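Chemist: could you work out the structure for the sequence below:
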Amino acid sequence: MSRVLVIGGADQGRQVIDALHAGGVHDVVGVLDRDLAPGTVVAGVEVLGTDDALEACAGDARADGFVVAIGDNAARAAVTARAVAACPALDVVTVVHPSAVVAADAVVGPGSIVLAGAVVANGCRLGRGVLLGIHSSIDHDGTMGDHASLGPGAVTGGTVRIGQCSAIGLGASVIHGVTVGEHAVVGAGAVVVDDVPARVVAYGVPCRVVRERTPGEPYLRRP
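Modeler: Numbering: from 1, shown residues only. Coordinates of the predicted model:
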C-alpha cells in the first residue's frame, strides 16, 4: 500500500481523502494546506504543514506520492507543477473512487481525480490533473486537457473535446461533438449545443458566451 500526502485540506481535500480510503490501495499519511495549522485534523488525517514543505513532510511521513486536491483548475495546475519540481521522485497519484466507472480502454492521466459515481466511457482520454465531480460523466471518445474539470452531475455526449484548465459547471450538459476551448468556464446548468471558444465565460440554455475570461481568474463561489 503506497503512502500518500494530500495537498489541500478544504472541501475537495475531504472528498479525495474519502475516495482514497474507500479504494483501499493508498494510505493517506498527511495533509498539506496553507490555511490550516499543523495538527488540524481533516477527515481523520492530520495536517503536517504547507505544500512549501512537501519535501520535508514527505520524508518525515515516508510518503511515496502526493495528489493535489484543489477544486480550482488553474490553482491545481500551479500547485502540481511546483510539487513536481520540488519532489520529482514522488509519484503523482491518480485517485479513482471505487464507485466510479472507467472503461478498460480509457486513459486517465496522472494526478487526475475521478469521484464517486463518475463515468469515463470507452475511448476517452483525460490529461494530467483532470477532476471529475460526483456523478459526472464523459461519453465515448471524449478528451479533456490537463487540469480541466467536470462539476458534479455535468455530462457530455460522445467525442466532446474540453481544453486544458476549462471548467464545465455543476449539472451542465455538452452535446456530442462539441469543442470547449482552453481556459473556458461553462456555467452551472448550461446546455452546450455549439462550440465554445477559448478564454470565455458561457452559460444559459442554450449556452451563450457572455464575456471574455483571463486564464487563472477565479470562478468557484466561496462559502
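
Chemist: what residue ranges in the chain score low on pLDDT?
Modeler: Within the chain, the stretches with pLDDT under 70 are 222-223.

Chemist: now the residue at the greatest distance from the centre of it. Its backbone dihedrals?
Modeler: In the chain, the residue that sits farthest from the middle, by Cα atoms, centre = their mean, is residue 60; the gap is 26.7 Å. When read as degrees, to the nearest 10, the backbone of residue 60 gives phi -60, psi -40.

Chemist: what ranges do the helices span in the protein?
Modeler: Here the chain has its helices, by DSSP state H, at 11-23, 54-61, 73-86.

Chemist: centroid residue for this structure?
Modeler: Short answer for the chain (Cα atoms, centre = their mean): residue 131, at 2.3 Å.

Chemist: burial measure for residue 62, as a count.
Modeler: 9 (other Cβ atoms under 10 Å). Placement of C-beta: from N, CA and C, glycine included.

Chemist: quick one on the thing from earlier: contact partners for the residue farthest from the centre of the chain?
Modeler: Contact analysis of residue 60 by Cβ atoms under 8 Å, 6 or more residues apart in numbering lists residue 48.

Chemist: related to what we said a few turns ago, so the residue nearest to the centre of the chain bridges to which residues?
Modeler: residue 113, residue 149 (DSSP bridges).
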